[in-house]
Every structure is written in C-alpha cells, then in structure tokens.
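**Student:** Sequence and predicted model, in that order:
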Amino acid sequence: MHGLRLAFNYLRIGVLNEFQYRANFYIQILQTFIALATGLIGLNLVFSQTDQLGGWSKPELLAVMGVFITMGGVIRSAIQPNMERLMEEIREGKLDFALTKPADAQLLVSVREFRFWQTVDVITGMVVMGVALAQMNWLISGWSALGFFTAIAMGAVMIYCFWLMITTTAFWFVRVHEIANLFEGLYAAGRWPIDIYPNWLRIGLTFLVPVAFAVTVPAEALTGRLTFQTWIGAFVLTIVLFTIARTIWKIGLRSYSGASA
C-alpha cells in the first residue's frame, strides 16, 4: 500500500507539472495525427495489393495498429521518461537522492516521471481499436476481454523490464543512450504482427525484445486468435523477465558510486 500511495503521489505531481506546459498538448495531438495518418496510408497501400497479410485481414491489422499506438503511449508517458532520467542520474552520480529515500529504490526510480500529454496516444489507440472491432462486427467474449487486458498489462511489464535491464547497464557502461535508441527502431516493427516476419526476426521480437508480447498478443486477444497456451507463455515470460531485471538492478546498485560516495 505504501508503494501504491507513493506511485499515486508521483503521478499527481507529474500531471501537475505537465499542465504548466499546455502547449505540449497541441504539439502531441499534431504528432499523433501525423503518426496515425502515416500508419493508415501504409495500411491502405498494402491492402490495395492484397486481401490479407500473413493471414490477417485489414480490420484485424487495424486492431494491431491500435494496440501499437496505445502501448507506444504507455511507453512514452510512464516507462521511457523514468528510464531516461535514471540513465542521467547514474551517469552524473545523482542517484543518491533516490537511494536514500525510505522506499524501494527500483519502485522509486520507476514512477518519478509521468508525461501526461503522451496519453493522447493511449486514447487514440483505443479509438482505433474500437473502429477495428466495429469493422469486424466482433462481439468480445469474456475470454477475449480478459485476455486483452491481462496481455496488454503483461506486455507493458515486459517492456518495462527490458528498458530497466538496458538502463541498468549504465552502471558499467557510459554510452547507453545508443542502445536505448535502438529500441525505437525495434518497436516500430510491432506495427505489424510478427507472423509476417522471417523466423529469425520473429524469435528476436519475441524473446530478445518482447515486442510480440506487447503488441501482437493483445491484438490476438481482440481478434479471437489468442490461445491459452500463448497466454500462459506470456505470463511465465513476464515473471522471468521481471526476476532477471530485478536481479540485474540489485547487482548494478553494488557497482554504483554516487557524487556523495
């Protein structure tokens, strides 16, 4: 409960800080509109040449795009800002301010930043998913709804764990930003379901960078493709990645020498 209260307080502070720069809201709307228009143009170009792609119809791929936009909003609003701040504090030796607080250090460094205006992407993605479901005339079953919400939550946790593992390498390496920037390019592959990629890339996007579990699996739940075996696999991988990320974080802390050390 203490951790939840702490997270809520940082969320409230983050929202208040964002409201000081309301012009960012209009900039974010413009960026979201451009990204959405680009994605729709690409989708229409593909389906002007074919009726399906990797067994996915146009409305189903629209659902994938909706999940992709929504998860991107979650990453840019809550995960990426905290990890970027953590990188800077490790590099500059300022992590002491977080480590000396009476709270779990990993929790603290994971909730201090929140870019409220990035939630425009989350809302936009949900609208796109709604349009896709309407085009499919899909009646969501209880399993589909449960599978979607749990899958997207597990996907967010996996992406967080991946970011934390990459960020924690800053305890040993200086030029970590280049590695983190690579994630943007890899995540862009999630705009399309992993079924369309060759096996080597499919494996990489599933187990090395969990884009498949963050985007394709929730989309499978929306379109009635999600199997119980896939859901269990996502659950197990979430636990494994969290355990690994937590372990690497603790090892990294032992190597940290702050400005006050």
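**Tutor:** Noted; the coordinates are in hand.
**Student:** so residue 174 touches residue 90, yeah?
**Tutor:** No: contact criterion C-beta atoms under 8 Å: residue 174 and residue 90 do not qualify, at 9.8 Å. The C-beta positions use only the backbone N, C-alpha and C, and glycine is treated the same way.
**Student:** If you count surrounding residues, which of those two has more?
**Tutor:** residue 90 (23 against 9; other C-beta atoms under 10 Å).
**Student:** To which secondary structure element is that one assigned?
**Tutor:** helix 80-92 (DSSP states H and E).
**Student:** which helices and strands sit right next to that helix?
**Tutor:** For helix 80-92, the elements it packs on are helix 105-111, helix 142-168, helix 177-188, judged by 3 or more C-beta pairs under 8 Å, 6 or more residues apart in numbering; DSSP states H and E.
**Student:** Tell me which of those helices lies nearest to residue 230.
**Tutor:** helix 142-168 (8.7 Å; C-beta to C-beta).
**Student:** Could you check the angle the closest one makes with helix 80-92?
**Tutor:** 20 degrees (axes from the mean of the first three to the mean of the last three C-alpha atoms, to 10 degrees).
**Student:** Enumerate every residue touching residue 132.
**Tutor:** 59, 60, 62, 63, 65, 66, 222 (C-beta atoms under 8 Å, 6 or more residues apart in numbering).
**Student:** State the distance from it to residue 40.
**Tutor:** Counting by C-beta to C-beta, to the nearest Å, the gap from residue 132 to residue 40 is 12 Å.
**Student:** same question, residue 88
**Tutor:** Counting by C-beta to C-beta, the gap from residue 88 to residue 40 is 36 Å.
**Student:** re earlier: just name the most buried of the helices and strands packed on helix 80-92.
**Tutor:** Each of the helices and strands packed on helix 80-92 was scored by mean neighbour count; the highest is helix 142-168, a mean of 20, by mean count of other C-beta atoms under 10 Å.
**Student:** which residues of the protein fall in helices?
**Tutor:** For the chain, the helices defined by DSSP state H cover 2-18, 23-47, 58-74, 80-92, 96-99, 105-111, 119-136, 142-168, 177-188, 199-203, 211, 217-222, 228-254.
**Student:** Could you dump those into a markdown table with mean pLDDT added?
**Tutor:** Listed next are the helices of the chain as a markdown table, based on pLDDT from 0 to 100:
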| stretch | mean pLDDT |
| --- | --- |
| helix 2-18 | 76 |
| helix 23-47 | 87 |
| helix 58-74 | 92 |
| helix 80-92 | 88 |
| helix 96-99 | 82 |
| helix 105-111 | 88 |
| helix 119-136 | 92 |
| helix 142-168 | 91 |
| helix 177-188 | 76 |
| helix 199-203 | 85 |
| helix 211 | 88 |
| helix 217-222 | 91 |
| helix 228-254 | 93 |
